[in-house]
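Peer 1: Sequence plus the predicted model coming up.
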There are 2 protein chains.
Amino acid sequence: MNLPPLVQTFVLHFGEMGSRWGINRTVGQIYALLFLSKEPLNAEDIVERLGVSRSNVSMGLKELQAWNLVRLQHKPGDRRDYFATPEDIWQIVRTLVEERKKREIDPTMTLLREVLMQEPASVDERHAQERMREMHDLFELLTGWYADVQRLDTERLVQLLTLGSKVQKILEMKDRLFVVPGSKKSRRDATKDK
Amino acid sequence: MNLPPLVQTFVLHFGEMGSRWGINRTVGQIYALLFLSKEPLNAEDIVERLGVSRSNVSMGLKELQAWNLVRLQHKPGDRRDYFATPEDIWQIVRTLVEERKKREIDPTMTLLREVLMQEPASVDERHAQERMREMHDLFELLTGWYADVQRLDTERLVQLLTLGSKVQKILEMKDRLFVVPGSKKSRRDATKDK
DNA sequence: CACATATTTCAGAAATTTCTGAAATTTCAG
DNA sequence: CTGAAATTTCAGAAATTTCTGAAATATGTG
């Protein structure tokens, strides 16, 4: 591995972290390297710096492209493929969430919906279905929230996140100002709309 | 594998999903089984239902305990250990986020802080450090947000999530009502407090 | 279209992870 | 304290994943 010390530390760490994320070491390292790199890199650059085989890099880049996590670029008068991560780190987060949702949540939701259609054949199955419905509703709430805030531009999103639960205070204030006194329970529950 | 069809479908799915989460198949299956089960199960129950070895179940349960994802219980006059997931699915989510943060985010933050202390030795290292600082600030914002909303009781948390970005509307309203006209830029930036 | 260069594919080697059965250890009732 | 039951540990087998080098394929230039 042929990297400046600061970069190497990060690349190695990310490689290890990858394992905890169901991503393999090399893919993690390639991504870390691209993320830190000022200039786009071609496959051969990556081979040299990480000291892994050319074919391994090829497969790793293919995987990262499947995840939409790297952009393919070209330099004039050079027909090699160059790769880079988006400049905007928020774009990376958005893609990551989007893709994980697509691969992990969506198939689970499909399965849950199917299973929830079935008629339970025993008391155990009935209870199991209730649990699955809880999970289904939870996922729906979370993905609904995400679908919603994901549409905000980054500045507003940051504003919202910075605020954190202080929003709560504002909500209370709003309630105090605008809700007709006496109609105490006007909230919606977890299993709503979408 | 000896399970009612509905349960089996879910357990198998969760086993596969586990792989994408850096958790092994058996651990995923054990968790799914416990999650759906009305009654706490002992290790032997799990062995029978999943058709895996006793030792594998033992290791899987140990791992789930290390994650704080299962509770150990006892029945009177029975000295076997019984296992169950929390009744409250929100408690499960909270634990999951907490533990993943502890294992994935915290070590990364430590490493980032260390690396950001170093003096960059080249223009490449300087750029790499800038990228790492972006990541550091992003994580800080996200974990700060989580630390904050995590303190809300579930009802308020659900309320907040249900609202999604509609909060934005309320914020705008608040701004219009309370901000002195003319002091246009009174927002805080992403790298604040904590 | 031929040729050099770049990239991908893929079979098998290497490494890692998962799983098992047997043995060791712990726990507790009598 | 003894012994049966429950649980854990662990070495190696089995399965899976990762990685490589060689071959195949694709791409663009002259």
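Peer 2: That came through, no problem. Numbering: from 1, shown residues only, chains lettered A, B, ... in the order given.

Peer 1: could you give the mean pLDDT of whichever helix or strand residue A:162 is part of?
Peer 2: Following DSSP states H and E, the helix or strand that holds residue A:162 is helix A:154-163. Helix A:154-163 carries an average pLDDT of 92.

Peer 1: quick one: the helix or strand hosting residue A:177 to chain centroid distance?
Peer 2: With secondary structure defined by DSSP H and E, residue A:177 is part of helix A:166-178. If you compare the mean C-alpha spot of helix A:166-178 with that of the full chain, they lie 31 Å apart, counting by CA atoms, centre = their mean, to the nearest Å.

Peer 1: How about the spatially most central residue of chain A: what's its closest non-neighbour residue?
Peer 2: Central residue check for chain A by CA atoms, centre = their mean: the C-alpha nearest the mean position is that of residue A:97, 1.8 Å away. In space, not counting the residues next to it along the chain, residue A:97 is nearest to residue A:146; the distance is 6.6 Å by CB to CB, 6 or more residues apart in numbering or on different chains. (C-beta placed from N, C-alpha, C; glycine too.)

Peer 1: cool, residue A:65 as well?
Peer 2: Closest residue in space to residue A:65, ignoring its immediate chain neighbours: residue A:72 at 7.0 Å, by CB to CB, 6+ apart.

Peer 1: which helices and strands does the host helix or strand of the one you found pack with?
Peer 2: For residue A:72, the host element (DSSP H and E) is strand A:71-75. Identification of packing neighbours for strand A:71-75 by 3 or more CB pairs under 8 Å, 6 or more residues apart in numbering or on different chains; DSSP states H and E yields strand A:78-84.

Peer 1: Briefly note if the helix or strand containing residue A:47 comes near DNA strand D.
Peer 2: When secondary structure is defined by DSSP H and E, residue A:47 falls within helix A:43-50. No: using CB under 7 Å from any atom of the strand, no contact is recorded between helix A:43-50 and DNA strand D, whose separation bottoms out at 8.6 Å.

Peer 1: Only the buried residues of the helix or strand of chain A with the lowest mean pLDDT, if you could.
Peer 2: Among the helices and strands of chain A, helix A:166-178 carries the lowest confidence by mean pLDDT, DSSP states H and E, at a mean of 77. Burial within helix A:166-178, assessed by neighbour count using 16 or more other CB atoms under 10 Å in any protein chain shown, is assigned to A:167, A:168, A:171.

Peer 1: number of nearby residues for residue A:26?
Peer 2: Neighbours of residue A:26 under the rule other CB atoms under 10 Å in any protein chain shown: 19.

Peer 1: hang on, isn't it packed against residue A:15?
Peer 2: Yes: taking contacts as CB atoms under 8 Å, residue A:26 lies within contact range of residue A:15: 7.2 Å.

Peer 1: just to revisit the earlier point, ok, now how distant is the residue nearest to residue A:65 from DNA strand C?
Peer 2: From residue A:72 over to DNA strand C the distance is 9 Å, taken as CB to the nearest atom of the strand, to the nearest Å.

Peer 1: again, but for residue A:108
Peer 2: As it turns out, when the distance is counted by CB to the nearest atom of the strand, residue A:108 lies 19 Å from DNA strand C.

Peer 1: Show the model's pLDDT score for that residue.
Peer 2: In the prediction, the pLDDT value recorded for residue A:108 is 96.

Peer 1: still on that earlier bit, export the buried residues of helix A:166-178 to JSON lines and append columns for distance to DNA strand C.
Peer 2: As requested, the buried residues of helix A:166-178 are arranged in JSON lines below (distance: CB to the nearest atom of the strand, whole Å):
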{"residue": "A:167", "distance to DNA strand C": "39"}
{"residue": "A:168", "distance to DNA strand C": "40"}
{"residue": "A:171", "distance to DNA strand C": "43"}
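
Peer 1: Residues of chain A that sit close to DNA strand D?
Peer 2: For chain A, the contact set with DNA strand D under CB under 7 Å from any atom of the strand comprises A:24, A:25, A:26, A:27, A:52, A:53, A:54, A:55, A:56, A:59, A:60, A:79.

Peer 1: Max pairwise distance over the residues you listed: which two?
Peer 2: Set against one another by CB to CB, these have their most distant pair in A:25 and A:79, with a gap of 29.5 Å.

Peer 1: of the two, who's got more company?
Peer 2: Looking at residue A:25 and residue A:79 with other CB under 10 Å, you find the greater number of neighbours at residue A:25, namely 18 against 6.

Peer 1: Look through chain A and tell me its longest helix.
Peer 2: Taking DSSP state H as the assignment, the helix of chain A that covers the most residues is helix A:123-149.

Peer 1: so for it, what's the average pLDDT?
Peer 2: Computed over helix A:123-149, the average pLDDT equals 97.

Peer 1: So the helix holding residue A:177, near chain B or not?
Peer 2: Yes: using CB under 8 Å from any CB of the partner chain, a contact is recorded between helix A:166-178 and chain B, made by A:166, A:167, A:168, A:170, A:171, A:173, A:174.

Peer 1: so residue A:96 makes contact with residue A:64?
Peer 2: No: Residue A:96 is beyond contact range of residue A:64, at 11.5 Å (criterion: CB under 8 Å).
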